[in-house]
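>>> Quick one, fold the following:
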Amino acid sequence: MKVVSVVGLLSVATDRAMAQPGDDALPPPPDARAINDRAIFHLSLVLNHYDTGMVVPVTRRAGEFWVSSADLQRAGLPGDRLPQGDVNLSTLNLVRTEYDSTSQRLLLTVPKEWVPERRIALGDGAARLRARNGRGGLLNYDFYANHTEHSGSQASLWHELRLFNDYGAFSTTGTNREVLDGYPGQSEGYRRYDSTFTGTLDDDALSWSVGDVVSDSLSWTSSVRLGGVSFGRDFSLRPDLITYPLPAFSGEAAVPTTVDVFINGYRSGSTQLEPGPFTLTNLPYINGSGDAVLVTTDALGRQVTTTMPFYVASDLLKAGLSDGAVTAGAIRRNYGIKNLDYGPAAASGSYRYGVNDFWTVEAHGEGAESLGLGGVGSLVKLGHFGVVNGAVAYSRMRGEQGQQWTLGYQYNTDFMSFTTQHTRRERGFGNLALYDQQVMYDSDRQPIVSLSRNVAQYSLSFNMGRFGNLGAAWLDVDSFNSDSTRLLNLSWSKNLWGSSSFYVAASHDPDADDWSVALSLQIPFGLQESVAFSAERQPDGSASERVNYNHAMPSEGGFSWNLAYAHQTQENDYQQATLGWRNNHVELQGGIYGERDGYTHWGEATGSLVLMNGALFAANQINDAFAVVSTGGQADVTVNYENQPVGKTDKEGYLLISGVTSYYPANYSIDTLNLPADTRIRETERRLSLRRRSGYLITFPMEQERVANVILHDENGQPLPVSSQVFRAGQPPAIVGYDGIAWLENVGEVNHLTVSTPQGKRCTATLTLAAARSHRLETFGPLICQGEQP
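Just a heads-up that it's a prediction; the model follows:
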């Protein structure tokens, strides 16, 4: 309704209020033309046929429309095109104004240059959830024992002890091995692997570690184990971030438009576009060369299809994004052999930076008392024709100096992939991987232990659709002592009927002029059964044919088994049988394998012990994060993880979910259908993200309160009217339904009820219950509601 009409009504009402008592004369009607010459409207603002969703005050003066400059800027018009204060739209150059009195809208048509470019992200754009963690600990274990005929018996226990809190997670791993009989000369006792405390800064995608760490590396450098500290970027903490540049498709919409995006033939997203220039970002994770098809549909159903090629390289960094890490400490020696053996001090650092969407630069440095190494690298995208990478490094170690050069190229499409990498080094080139090795020289005073001189790698693969996938790879390695390794690999695979598949591979050594060939046929039966046939031929002339029957472990737990038999031309036939069983607390496996007169019998138990919220749990092995669901002591409640049931709470009201992926916003819920009727639930579903290698207690609070249905009748024995209200002290009113039945929550042993009917009558009744509770919904009555005395 227009404000003009409201003004007229107010004028009439005001004149009536001012009229003298007994005066029946009406004031003269308002002059509509005079009011329309200066009136205020509240109209929806439509800009270039797009409803902005704004309702703004519009003043009409002598047929011209005036709107606040601030309101126009909020609608998207540029401030430098508008005067300050109220703006007379009729005076704006190239702006057309139309008043839609039927729909109460103000229609503005402005030049397209006035509409700012909008960056629109495809997808749901869900906000990132802050990762949660609690306090607790766990012990992962893997116990293994075997006995080999005529050889002996041994047993080992591997463990990971993990403690976590708000500051980070501490983890230590190791193995204790005991020889029960036989196996002379083999080592026994405890061997420690890694002990590390790790903390994270999730928002900044940074992590730091203290203890046994591994240095960061680039594609043209090597990593080493150190005992010390490490600090650097860790993008795995932010799975919502896309670190490499994705294509952004720009265009211009004259009217409100819907755009559908198809990537390589698959629909990837849809969004609504406002009039004006736009840029589509946040496309799905893609890599390599492809085509994007944009289909725009306007309000009249007219469609325009645009095809644009693109090339995405996941090895590049987005413009302005940096990556890298710094590690310092003492070089770890005899890893897996000695518990505490550290060598000289050393440091290593790497850095990457996205200069723009086509160019990423790299730098790396290493240092020790008698070592200095530095290098720079670069990755450049060649438009739609792949990525070339190169690097050069210089080192000086113990008086020897040398250089390393690296050059590579890669190109990927839907049907073809090609990659090549070349590395060349001088003999004097060294790094931390060689620094702590024992120095030995040949007769020419040249170091015996060194890196390879030349390395050349080529790989090529084709996706031939219904004809399968074809691959080829070439490896050529030359050392400084004139040794060389050359190997050609060929492979072909094809999906057959159903989910069956066939695979054949061949390897050729040109120096030995021999071939090795392997082929396999995989035939599944249902979801868990499969049979595989394979055959191999080795360069020495030996051959084997193998058949394998497998029953996979059900995801919810149960039994699995595996049977295998292999006929071998130069050895005795090989047999294998394995039986496994798993539930939510432990996984057990055992079996027998080997050749006649030399069978090995073995058994294994893996799992985890978790301490959380003062309770101890047994679970399957936990490699990442876990969640403990608490229902406040309510047992046998079904718990769902990602809408799939994963178990029921125990008698204490707990259930541990072991297979949780960190930093993934997962859905946790409970099934309330089988809960007692007197259970009050605050929430039944939560979406949470958990920190890496930690646990979190997820609570679903439940309260037990007595509930009852009560049948209420009046003094004549008739049900009280529908929608009557039942009042109790300290409780919200309840509504009477059909047949006089009212649902009462939180009832006690004695309940005084006051009922008010829709006709305004009031009556009272008393509901008395026994002290014992059945936890079921019970119906009482009918109770006679006595009318109150007037």
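
>>> My read is that Met646 contacts Ile657, right?
Just so we're on the same page, residue 646 is Val rather than Met. Yes - between Val646 and Ile657 there is a contact at 5.6 Å, judged by CB atoms under 8 Å. No exception for glycine: its C-beta is placed from N, CA and C like everyone else's.

>>> which residues in the stretch 101-250 of the chain form helices?
Assigned by DSSP state H, counting those that start in this stretch, the helices in the stretch 101-250 of the chain number zero.

>>> what's the answer for the chain, then?
Remark: helices assigned in the chain by DSSP state H are 3-18, 32-37, 69-74, 432-435.

>>> per-stretch mean pLDDT over the ones you listed, give me the minimum one.
Lowest mean pLDDT of those: helix 3-18, a mean of 37.

>>> Restricting to C-alpha, output stretch 305-319 in PDB.
C-alpha atoms of stretch 305-319 as PDB (Å, rounded to 0.1, in the frame of the first residue of the first chain):
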ATOM      1  CA  THR A 305      26.900 -21.900 -24.100                       C
ATOM      2  CA  THR A 306      30.500 -20.900 -23.900                       C
ATOM      3  CA  THR A 307      33.500 -23.300 -24.000                       C
ATOM      4  CA  MET A 308      36.800 -22.300 -22.400                       C
ATOM      5  CA  PRO A 309      40.000 -24.400 -22.200                       C
ATOM      6  CA  PHE A 310      42.100 -24.400 -19.100                       C
ATOM      7  CA  TYR A 311      45.200 -26.000 -17.600                       C
ATOM      8  CA  VAL A 312      45.600 -26.500 -13.800                       C
ATOM      9  CA  ALA A 313      48.900 -27.400 -12.200                       C
ATOM     10  CA  SER A 314      48.700 -28.500  -8.600                       C
ATOM     11  CA  ASP A 315      52.500 -28.200  -8.100                       C
ATOM     12  CA  LEU A 316      52.200 -24.400  -8.400                       C
ATOM     13  CA  LEU A 317      51.200 -22.000  -5.600                       C
ATOM     14  CA  LYS A 318      48.500 -19.400  -5.700                       C
ATOM     15  CA  ALA A 319      49.800 -15.800  -6.300                       C
END
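
>>> If you average the pLDDT over that stretch, what comes out?
Rounded mean pLDDT across stretch 305-319 is 83.

>>> So which bits of that stretch are buried?
310-318 (16 or more other CB atoms under 10 Å).

>>> What of stretch 392-405?
393, 395-397, 400, 402, 404-405.

>>> picking up where we left off before, need the buried residues of stretch 305-319 in a markdown table with distance to Glu745, can you?
Formatted as a markdown table, the buried residues of stretch 305-319 follow (distance: CB to CB, whole Å):
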| residue | distance to Glu745 |
| --- | --- |
| Phe310 | 60 |
| Tyr311 | 63 |
| Val312 | 58 |
| Ala313 | 61 |
| Ser314 | 56 |
| Asp315 | 61 |
| Leu316 | 61 |
| Leu317 | 58 |
| Lys318 | 55 |
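
>>> Quick check: the two most widely separated of these?
Phe310 and Leu317 (17.5 Å; CB to CB).

>>> Report how many residues lie close to the residue lying closest to Gly136 once chain neighbours are set aside.
Among residues not flanking Gly136 along the chain, Met612 sits closest, at 4.0 Å (CB to CB, 6 or more residues apart in numbering). For Met612, the tally of surrounding residues (other CB atoms under 10 Å) stands at 21.

>>> Per-residue pLDDT of Met612, please?
So Met612 comes in at 89 (pLDDT).

>>> mind checking how far Ala770 is from Glu400?
From Ala770 across to Glu400, the span is 94 Å (CB to CB, to the nearest Å).

>>> correction: Tyr351
In terms of CB to CB, Tyr351 sits 26 Å off from Glu400.

>>> same deal with Val179?
44 Å.

>>> Pull the contacting residues for the closest residue to Arg425 other than its chain neighbours.
Leaving aside its chain neighbours, Arg425 sits nearest to Gln404 (4.7 Å; criterion: CB to CB, 6+ apart). The neighbourhood of Gln404, defined by CB atoms under 8 Å, 6 or more residues apart in numbering, consists of 220, 375, 391-395, 423-426, 429.

>>> one more time with 10 Å
Applying CB atoms under 10 Å, 6 or more residues apart in numbering to Gln404 gives the contacts 220-221, 373, 375, 391-395, 423-426, 429-431, 451.

>>> can you check Thr91 too?
64, 66, 83.

>>> Check Val547 too.
Counting by CB under 10 Å, 6+ apart, Val547 makes contact with 521, 531-534, 563-567.

>>> run the last query once more with 8 Å
Taking CB under 8 Å, 6+ apart, one finds 531-534, 564-566 in contact with Val547.

>>> Also Phe170?
Contacts of Phe170 (CB under 8 Å, 6+ apart): 162-164, 195-198.

>>> so which pair among these is furthest apart in space?
Phe164 and Ser195 (14.5 Å).

>>> which regions of the stretch 401-550 of the chain lie under the pLDDT threshold?
Scanning the stretch 401-550 of the chain for pLDDT under 70 picks out the ranges 439-449.

>>> so where's the stretch 601-750 of the chain shaky on pLDDT?
677-678.

>>> no no, the stretch 1-150 of the chain
1-38, 116-127.

>>> The residue nearest the centre of the chain and Arg687: what is the separation?
Centroid-nearest residue in the chain, with CA atoms, centre = their mean: Tyr664, separated by 3.9 Å. From Tyr664 over to Arg687 the distance is 10 Å, taken as CB to CB.

>>> May I have the beta-bridge partners of Ser530?
As for beta bridges, Ser530 partners with Pro524, Asn550 under DSSP bridges.

>>> Return the distance of it relative to Arg61.
82 Å.

>>> Also Thr148?
Taking CB to CB, one finds Thr148 at 101 Å from Arg61.

>>> quick one, which of those two is more surrounded?
Thr148 (17 against 14).

>>> who touches that one in this structure?
Thr148 touches 182, 594, 598-601, counting by CB under 8 Å, 6+ apart.
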